[in-house]
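Novice: Turn this into a structure:
(chains A and B)
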There are 2 protein chains.
Amino acid sequence: MLAALRTHGALSRGELARRVGLSRTTLSEITAQLLQRGAIIVADTDAATRAGSGRPAERLALDPGSGQFLGVDFGHRRVHVAVADASHEVVAQGVERYPDDTPWADRLAIAFALIDRISRETGVHYGALQSVGIGVPGPYTGAGAGGPAVNWKARLAPEGVDTAFTERFDAPVIVDNNTRLAALAEAINRPDAVDNLIYLRLSDGVGGGLVVSGRLVTGSRGFAGELGHVTANPSGAPCRCGKRGCLETIASVPAILRACAATGADIETLDDLAEAVAKGDPAVDAVLREIGSAVGRVLGAAAMTLNPREVVLGGEIVRIAPVLLEQAAATLRYELYSIPSDQPHIVRAAQLTDSDGALGAIAAIFHQSPLLAGYPDPAASAETAPQRRSAQ
Amino acid sequence: MLAALRTHGALSRGELARRVGLSRTTLSEITAQLLQRGAIIVADTDAATRAGSGRPAERLALDPGSGQFLGVDFGHRRVHVAVADASHEVVAQGVERYPDDTPWADRLAIAFALIDRISRETGVHYGALQSVGIGVPGPYTGAGAGGPAVNWKARLAPEGVDTAFTERFDAPVIVDNNTRLAALAEAINRPDAVDNLIYLRLSDGVGGGLVVSGRLVTGSRGFAGELGHVTANPSGAPCRCGKRGCLETIASVPAILRACAATGADIETLDDLAEAVAKGDPAVDAVLREIGSAVGRVLGAAAMTLNPREVVLGGEIVRIAPVLLEQAAATLRYELYSIPSDQPHIVRAAQLTDSDGALGAIAAIFHQSPLLAGYPDPAASAETAPQRRSAQ
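Specialist: Below you'll find the model as predicted:
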């Protein structure tokens, strides 16, 4: 019904009933609920265009100003907010940056200010929010259950994130690791939803997410998918987690920039790296290949364990330095040689999920929605796909 | 009802109805079906012990001679068969050995002869089989769907195993990798069924199985859990799969025996190894620790990926050389250091599952049974636990 209103604009109850194949009685009950919830509005009547006689019929439309779903993605250095309407379409979004060391209380304040600003600028309001999805960096325990979050060293635990949002919006709140949510968004955002997928994101940190047998995997305590802390080099550099040579010490964006700079190249930022890659600097290329190989080995062990249909590598740096992806793919191919060669293990960057982290949080809400309980039901996938594409 | 008959022996329909809390009508319908299926028999009447007047009541009992579930475990060097009755109790079993290079046609003939011999010796019959579970070595694709099996080099593909059994017994047949089935048996065979578990078995080969979110994981093409072919040493010895330094080249029983013999110790068999371990040979101990460490690293990568509640290490050699388990546990502890220390990751040998592979195949049948559709429902776990214990 919501999709019909989205596609066709304002419709009378009679037109709507015909389009969705429901009786007038059933349809009236549902529209009453949707009107009450603020998801739809009475746009006008058909008096102007009406040919016949009788009382003019009300025409219903989606309320474009009524945010129904709020997705919030806290990165190490920015928060991203997206608002979707009743038909799962993203109707407003925004980003606010902050320094890496910003305390969580401040991050929350920044997020709330951004949410207010979006409302002011776009007219969207939050009075009828159905649910809020929140992605946080680092492992999050008690995922979906509002349990405490745990973080390493210098990283502050985002405890209380859920209650802060629950109090503010009086709506159900789901909090989970943002990379895991991105994995879910990846799996859903396919022509055919993917039942088995490994997702790895190279960013300020290195994180992963798993979809196994059609379900987002949290593990026994919410730590599943922590591929950034699989040991890639047993005698490697100390990691912030306390171990040595974790993949994150090799393949996080800061680690990659440092390793490239150590060749003597003038590289401090991703832009510098892009320039070196464009130039074809052979020393930088060799370093990137070595890093890609480490990524491929860790992905290989995970893929030998899980036999996924797809392995997805995300992060802005993967687009800046495609050789990372190429080398990871080549190494992964070798690591999976034990499995007959007709096993398609594609490695590819996740453009949309990268650039728009809040979509993962929104996907998580939809995933929890009774509407999508049957995920990876193709119907569910079809339902969420449009709003994701529309955000491009 | 079957459990009541198992516990109390023969009971009249009236006694049975009272014990299980069903109406006489409902109970009569069910007993009629069970009688027809051959699961229960009319044992006698209560004429001898009856106090009142009237027609003597029939007393029903489990038919101990009616095999309802057949589990078959094909190893590289032996086939193990177990038969369970209607109450899931193992009522007969047997083992037959064969050389490693025995073709599959011969293995099937040996298994059928063993099944016949068990019938002759124990009086169990297979006329009323409900289903057959079969474990095979190596990865098995299309698990549970009767798809083709794939094996590496010198290993013959057990294609047609399912149809051979279907034709012979006219019952549904489930075929899967035997180590994966052992993982399932491990997960079910707990006071509380384990939702998240990694199982690794060191044997002629090295194989694994995963239970994730309460489900046995097969992966996109049936290769999930192939931990034996995760690279443990990138520059290691060639593996039969075509790669180098797979865990199997280090931690299979033949590889372990070879490495121990290379110290100069007189070790050819597991018995020789047991003697060297008992003696406390320090060179052998050092080799075993190094191997245990490799096992722990591979398990660590898998456990960082999946965050299981339990990691189980199986195989006769783990009991012969406990240091393998100790070192693997120590290494695993380090590899999981990134995860807060309250995460219990226990490594322990799976004695029963090791010695009795056919139980995994039988567990798989029960798992598929409508009775256990709710696995890991505690009721299901309680239902299957007794037969496993009774087999000790």
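Novice: going forward, measure contacts between C-alpha atoms and count neighbours the same way
Specialist: Fine.
Novice: and the biggest helix by length in chain A, anywhere near chain B?
Specialist: Counting by DSSP state H, the longest helix found in chain A is helix A:282-306. Yes - applying Cα under 8 Å from any Cα of the partner chain, one finds helix A:282-306 touching chain B at A:298, A:300-302, A:304-306.
Novice: Then stretch A:212-224?
Specialist: Yes - using Cα under 8 Å from any Cα, stretch A:212-224 reaches chain B at A:212-213, A:217-224.
Novice: Which ones among those map onto strands?
Specialist: Counting by DSSP state E, these place A:Val212 in strands.
Novice: Between which two of the residues of stretch A:212-224 next to chain B is the distance greatest?
Specialist: Pairwise distances across the residues of stretch A:212-224 next to chain B (Cα to Cα) peak at 18.8 Å, for the pair A:Ser213 and A:Arg221.
Novice: Pull the contacting residues for A:His76.
Specialist: A:99-100, A:137, A:204 (Cα atoms under 8 Å, 6 or more residues apart in numbering or on different chains).
Novice: same thing but 7 Å
Specialist: A:100, A:137 (Cα atoms under 7 Å, 6 or more residues apart in numbering or on different chains).
Novice: Look up the closest residue to A:Thr218, ignoring the ones flanking it.
Specialist: A:Ala224 (5.0 Å; Cα to Cα, 6 or more residues apart in numbering or on different chains).
Novice: circling back to that earlier point, relative to A:Ala61, which of the residues of helix A:282-306 next to chain B is nearest.
Specialist: A:Ala61 lies nearest to A:Leu306 out of the residues of helix A:282-306 next to chain B, by Cα to Cα, at 45.5 Å.
Novice: Just give me the neighbour total for the closest one.
Specialist: 32 (other Cα atoms under 10 Å in any protein chain shown).
Novice: Correct me if wrong: it contacts B:Glu226.
Specialist: No - the pair A:Leu306 / B:Glu226 is not scored as a contact, 8.1 Å apart, by Cα atoms under 7 Å.
Novice: one step back: can I get the residues of helix A:282-306 next to chain B in CSV including pLDDT?
Specialist: Listed next are the residues of helix A:282-306 next to chain B as CSV, based on pLDDT from 0 to 100:
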residue, pLDDT
A:Val298, 97
A:Gly300, 94
A:Ala301, 96
A:Ala302, 96
A:Met304, 93
A:Thr305, 94
A:Leu306, 93
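Novice: Highest neighbour count among the residues you listed?
Specialist: A:Leu306 (32 neighbours).
Novice: Contact partners for that one?
Specialist: Per Cα under 7 Å, 6+ apart, neighbours of A:Leu306: B:219, B:224-225.
Novice: most surrounded residue in those?
Specialist: Highest count within the contacts of A:Leu306 by other Cα under 10 Å belongs to B:Gly225, 32 neighbours.
Novice: Can you tell me how far that residue is from B:Asp204?
Specialist: 16 Å (Cα to Cα, to the nearest Å).
Novice: Ok, A:Val83 next?
Specialist: Taking Cα to Cα, one finds A:Val83 at 56 Å from B:Asp204.
Novice: Ok, A:Leu288 next?
Specialist: According to Cα to Cα, A:Leu288 and B:Asp204 sit 39 Å apart.
Novice: Have a look at the two and say which one is more surrounded.
Specialist: A:Leu288 (25 against 18).
Novice: Name the nearest residue to that one, sequence neighbours excluded.
Specialist: A:Leu324 (5.8 Å).
Novice: Need the contact partners of the helix or strand that neighbour falls within.
Specialist: Assigned by DSSP states H and E, A:Leu324 falls within helix A:322-335. Under the contact criterion Cα under 7 Å, 6+ apart, helix A:322-335 has outside partners A:288-289, A:291-293, A:295-297, A:299-300, A:318, A:347.
Novice: okay if I get these as CSV plus distance to B:Ala363?
Specialist: Output for the contacts of helix A:322-335, formatted as CSV (distance: Cα to Cα, whole Å):
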residue, distance to B:Ala363
A:Leu288, 48
A:Arg289, 46
A:Ile291, 43
A:Gly292, 42
A:Ser293, 40
A:Val295, 37
A:Gly296, 36
A:Arg297, 34
A:Leu299, 32
A:Gly300, 30
A:Val318, 45
A:Val347, 36
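Novice: hang on, the earlier thing: type out the PyMOL command that picks the buried ones from the residues of stretch A:212-224 next to chain B.
Specialist: Selection of buried members from these for PyMOL, criterion 16 or more other Cα atoms under 10 Å in any protein chain shown:
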select buried, chain A and resi 212+213+217+218+219+220+221+222+223+224
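Novice: Quick check: residues of the stretch 101-250 of chain A near chain B?
Specialist: Neighbours of chain B within the stretch 101-250 of chain A, by Cα under 7 Å from any Cα of the partner chain: A:196, A:219-221, A:223-227, A:229-230, A:241-243.
Novice: Closest one to A:Thr26 out of these, please.
Specialist: Out of those, the member with the shortest distance to A:Thr26 (by Cα to Cα) is A:Asn196, at 38.3 Å.
Novice: That closest one reaches A:Gly209, doesn't it?
Specialist: No - using Cα under 7 Å, A:Asn196 makes no contact with A:Gly209, being 10.9 Å away.
Novice: For the helix or strand hosting A:Ala4, name the packing helices and strands.
Specialist: Per DSSP H and E, A:Ala4 falls inside helix A:2-8. Counting by 3 or more Cα pairs under 7 Å, 6 or more residues apart in numbering or on different chains; DSSP states H and E, the packing neighbours recorded for helix A:2-8 are strand A:58-62.
Novice: Would you list the strands that the strand it packs on pairs with, along with their directions?
Specialist: Sheet pairing of strand A:58-62 (DSSP bridges) gives strand A:11-12 (antiparallel), strand A:40-45 (antiparallel).
Novice: Mind checking the pLDDT average for it?
Specialist: For strand A:58-62, the mean pLDDT works out to 87.
Novice: what's next to it, contact-wise?
Specialist: A:5-6, A:9-13, A:39-46.
Novice: Can I get it in PDB, CA atoms only?
Specialist: C-alpha atoms of strand A:58-62 as PDB (Å, rounded to 0.1, in the frame of the first residue of the first chain):
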ATOM      1  CA  GLU A  58     -10.400  12.000   0.200                       C
ATOM      2  CA  ARG A  59      -7.100  11.300  -1.500                       C
ATOM      3  CA  LEU A  60      -4.300   9.800   0.700                       C
ATOM      4  CA  ALA A  61      -0.600  10.300   0.300                       C
ATOM      5  CA  LEU A  62       2.600   9.500   2.200                       C
END
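Novice: Number of residues surrounding the nearest residue to A:Gly245 once chain neighbours are set aside?
Specialist: Spatially, and ignoring its direct neighbours in sequence, A:Gly245 is nearest to A:Gly236 (3.8 Å; Cα to Cα, 6+ apart). Burial of A:Gly236 is recorded as 15 neighbouring residues (other Cα under 10 Å).
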